[in-house]
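Participant: fold the stuff below for me.
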Amino acid sequence: MYSSIRRAHLPAQTRNIRRPEISENMEYLEDQTVKDSRAILRFAFEFFDTFKGLIARLLLSPQERHVSQGFFLNLNSKDVIQIIEIELSILYEVLHTKVQVVRCKTGYIFRSFSFGCILGAFFSFFFVKKHSFRMFDIRLSYGLLIDHLGAMVLDFISLIFVILSDWTVRGQHWGKWAEYIASKVINRRRWSGSVSQYNFFTYCLNDYPEWINKLAEALRLRSILEAINGMRHRSSEEFRKDREWDFIFKELRKKSQTAKTVAEGKRICLQRGDGILSKCKNENVRRSNQDFEHTESLLMWHIATELCDEDKAEVELCDEDKAKVEFCDEDKAEDGRSSENIDYKAICKLRSDYMFYLLMIQPTMMAPVSGDWKLVFQDTCAETKRFLSEHSVSTTGEACKRICAAEAEIKPRALKGGESKSVLFDARILNGELQKLKGKRWKLMSKVWVEFMSHAAINCRANVHAQQPSNGGELLTFVWLLMNHLGLGTQVSEDEAVRLKFVVGK
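Facilitator: Next up is the predicted model:
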């Protein structure tokens, strides 16, 4: 634009224009609260209009971040997940369906015209005199028209769905039925509601024989073989909103409350367990992430989680270790329940197996943080198979007991140098340190896995997240959108949002 003005020799000057403090479509949200189901729909559409730009790698303004953060900090976990479910449902409809065409005036006109033509053709043929027609032609014509009537029935059913869709219900005033219809609409199932699970020891114990792996490697079919193996041994767990989602939301809300600025929010996004571990008084646990790259620490914590689950041995603590059991955290849940009533072990196991599933089956989602994942996994898997073969182990429980019983006083990396990336016995050492935390270990580990998940979610490319609703949805996408709503995203402008305007004179 500027070069065109110069070539035309037009008198022009530039002016700096500051954006309004709050964008127009979000201005009224500052003091709003969720009162009913229709309000949830309305808020979901408003936030979708603002945050849809994330898919195209656009930046949010600091004002938009501030409004969204303040709004979501005042909600409970149930209302938050309903809003995010609707947002992702809208995203799916916009990207993967013809909802934009169906709901425009042109779409309504063409659908009505098509409906009228089919109906008119049927009645015209029904009332016309058919004495000169052969019976075969009459039957064939009726068959074709009835087939088109079937299409009309399908059109009518789709019209009912359009009337009861999110797009229609949010703006209609149906009196006393409005809230009832809206509640039914927002509570319908919008995603799979399950979390896929995959376990490292399950993979090692059920992998194909070595000669099959070598043959697949030679034929360049290794990826297909791993996909088949993944489908054979992965499982899924029901995602409980009152437990898993509630815990994720409260942990991220705590972080959001400390993120007063855009820079602070971006700093929190970089935490991959170290934010929580910095509060732990056990130095060996606190340093467990510092000496490893991201994929190494993630696999190490996954194995350590499985070892903790199977290791029932009680650890005798000396006085020095007893002082390390406590770590800086609240003893009460935010809703007033005792933290002892929360099943941290189930929460931790679900996240651990889910993150391993993403690394193995959904590598595109983890690509930005995976680093040298293949090398780390291959070395760890090879060492695990060798160890299990030497001890004739055939079950996960027995494998964990054998590994926990193995001596690993010296750090394995000190013995191997740079020859191996295996983290098997590093996980064994970490498990021993976690056992010293007694009953606090599962609470600590659950919080660490939330940071692992949030780090992966915010670093996953936005266009990859946009593909997930068409595949049933992924928990990682929910976490990504939640973090952006809580002001913990990376796609936020840090400047004062000043725009340059050209003023052309006459």
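Participant: buried residues in stretch 370-380, which are they?
Facilitator: Residues of stretch 370-380 classed as buried by neighbour count (16 or more other C-beta atoms under 10 Å): Ser370, Trp373, Val376, Phe377, Asp379, Thr380. The C-beta positions use only the backbone N, C-alpha and C, and glycine is treated the same way.
Participant: and the pLDDT for the fourth one?
Facilitator: Phe377 is assigned a predicted lDDT (pLDDT) of 91.
Participant: same question for the last one.
Facilitator: Listed pLDDT for Thr380 reads 93.
Participant: which element is it on?
Facilitator: helix 373-390 (DSSP states H and E).
Participant: which SSE is immediately downstream of the longest helix anywhere in the chain?
Facilitator: Ranked by residue count under DSSP state H, the longest helix found in the chain is helix 135-163. Following helix 135-163 in sequence order, the next helix or strand is helix 166-169 (DSSP H and E).
Participant: tell me the mean pLDDT over that next one?
Facilitator: Along helix 166-169, the predicted confidence averages to a pLDDT of 76.
Participant: so which other helices or strands are in contact with the following helix or strand past that helix?
Facilitator: Under the assignment DSSP H and E, the closest C-terminal helix or strand after helix 166-169 is helix 177-186. If you count contacts as 3 or more C-beta pairs under 8 Å, 6 or more residues apart in numbering; DSSP states H and E, helix 177-186 packs onto helix 37-51, helix 166-169.
Participant: list the buried residues in whatever helix or strand comes next after helix 177-186.
Facilitator: Per DSSP H and E, the first helix or strand lying C-terminal to helix 177-186 is strand 194-197. Residues of strand 194-197 classed as buried by neighbour count (16+ other C-beta under 10 Å): Val195, Ser196, Gln197.
Participant: I figured Trp301 hits Leu444, correct?
Facilitator: No - using C-beta atoms under 8 Å, Trp301 and Leu444 do not qualify as a contacting pair, with a distance of 11.0 Å.
Participant: who's more crowded, these two?
Facilitator: Applying other C-beta atoms under 10 Å to Trp301 and Leu444 shows that Trp301 carries more neighbours, namely 26 against 22.
Participant: relative to Thr295, how far out is that one?
Facilitator: 11 Å (C-beta to C-beta, to the nearest Å).
Participant: do the same with Gln257
Facilitator: Taking C-beta to C-beta, one finds Gln257 at 30 Å from Thr295.
Participant: what packs against the helix holding Thr380?
Facilitator: With contacts defined as 3+ C-beta pairs under 8 Å, 6+ apart, the secondary structure elements packing on helix 373-390 are helix 200-205, helix 294-310, helix 396-405, helix 424-435.
Participant: let's go with 6 Å and repeat that
Facilitator: helix 200-205, helix 294-310, helix 424-435 (3 or more C-beta pairs under 6 Å, 6 or more residues apart in numbering; DSSP states H and E).
Participant: a markdown table for those helices, including mean pLDDT and distance to His131?
Facilitator: Formatted as a markdown table, the helices and strands packed on helix 373-390 follow (pLDDT from 0 to 100; distance: least, C-beta to C-beta, whole Å):
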| stretch | mean pLDDT | distance to His131 |
| --- | --- | --- |
| helix 200-205 | 90 | 75 |
| helix 294-310 | 91 | 80 |
| helix 424-435 | 90 | 88 |
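Participant: got these as TSV, with distance to Lys401 columns?
Facilitator: Conversion of the helices and strands packed on helix 373-390 to TSV gives the following (distance: least, C-beta to C-beta, whole Å):
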stretch	distance to Lys401
helix 200-205	12
helix 294-310	6
helix 424-435	12
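Participant: can you count the residues close to His80?
Facilitator: Actually, residue 80 is Val rather than His. What Val80 shows, counting by other C-beta under 10 Å, is a neighbour count of 27.
Participant: relative to Ala182, how far out is Arg164?
Facilitator: Not quite, residue 164 is Leu, not Arg. On the measure of C-beta to C-beta, Leu164 and Ala182 end up 10 Å apart.
Participant: more neighbours, those two?
Facilitator: Of the pair Leu164 and Ala182, Ala182 is the one with more neighbours under other C-beta under 10 Å, namely 23 against 14.
Participant: not counting sequence-adjacent ones, nearest residue to the more buried one?
Facilitator: Nearest non-adjacent residue to Ala182, counting by C-beta to C-beta, 6 or more residues apart in numbering: Ser37, 3.8 Å away.
Participant: Val162 and Leu95, how far apart?
Facilitator: 18 Å.
Participant: if you could redo that for Val102, that was the one I meant.
Facilitator: According to C-beta to C-beta, Val102 stands 15 Å off from Leu95.
Participant: the two - which one has more neighbours?
Facilitator: Using other C-beta under 10 Å as the criterion, Val102 and Leu95 rank with Val102 on top: 19 against 16.
Participant: nearest residue to that one other than its sequence neighbours?
Facilitator: Ranked by C-beta to C-beta, 6+ apart and with sequence neighbours excluded, the top spatial neighbour of Val102 is Val162, at 6.5 Å.
Participant: go on, Phe72?
Facilitator: Leaving aside its sequence neighbours, Phe72 is closest to His485 (4.7 Å, by C-beta to C-beta, 6+ apart).
Participant: for the chain, what helix or strand is lowest in average pLDDT?
Facilitator: Lowest mean confidence among the helices and strands of the chain (mean pLDDT, DSSP states H and E): helix 319-322, at a mean of 43.
Participant: shaky segments in the stretch 251-400 of the chain?
Facilitator: When the per-residue scores of the stretch 251-400 of the chain are filtered using pLDDT under 70, the ranges that remain are 311-341.
Participant: from Leu359, how far out is Pro62?
Facilitator: From Pro62 over to Leu359 the distance is 34 Å, taken as C-beta to C-beta.
Participant: which of the two has more neighbours?
Facilitator: Using other C-beta under 10 Å, the more surrounded residue of Pro62 and Leu359 is Leu359, with 24 against 19.
Participant: can I assume the more buried one is in contact with Met366?
Facilitator: Yes - under the criterion of C-beta atoms under 6 Å, Leu359 is in contact with Met366, at a separation of 5.3 Å.
Participant: so for the two, which residues contact both of them?
Facilitator: Counting by C-beta atoms under 6 Å, 6 or more residues apart in numbering, Leu359 and Met366 have no contacts in common.
Participant: mind exporting stretch 263-272 as PDB, just the C-alpha atoms?
Facilitator: This file holds the C-alpha atoms of stretch 263-272, laid out as PDB (Å, rounded to 0.1, in the frame of the first residue of the first chain):
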ATOM      1  CA  ALA A 263       5.900 -12.600  29.500                       C
ATOM      2  CA  GLU A 264       5.200 -14.400  32.700                       C
ATOM      3  CA  GLY A 265       2.500 -16.600  31.000                       C
ATOM      4  CA  LYS A 266       5.000 -17.500  28.300                       C
ATOM      5  CA  ARG A 267       7.600 -18.400  30.900                       C
ATOM      6  CA  ILE A 268       5.200 -20.800  32.600                       C
ATOM      7  CA  CYS A 269       4.600 -22.500  29.200                       C
ATOM      8  CA  LEU A 270       8.300 -23.600  29.200                       C
ATOM      9  CA  GLN A 271       7.900 -25.500  32.400                       C
ATOM     10  CA  ARG A 272       8.100 -29.300  31.900                       C
END
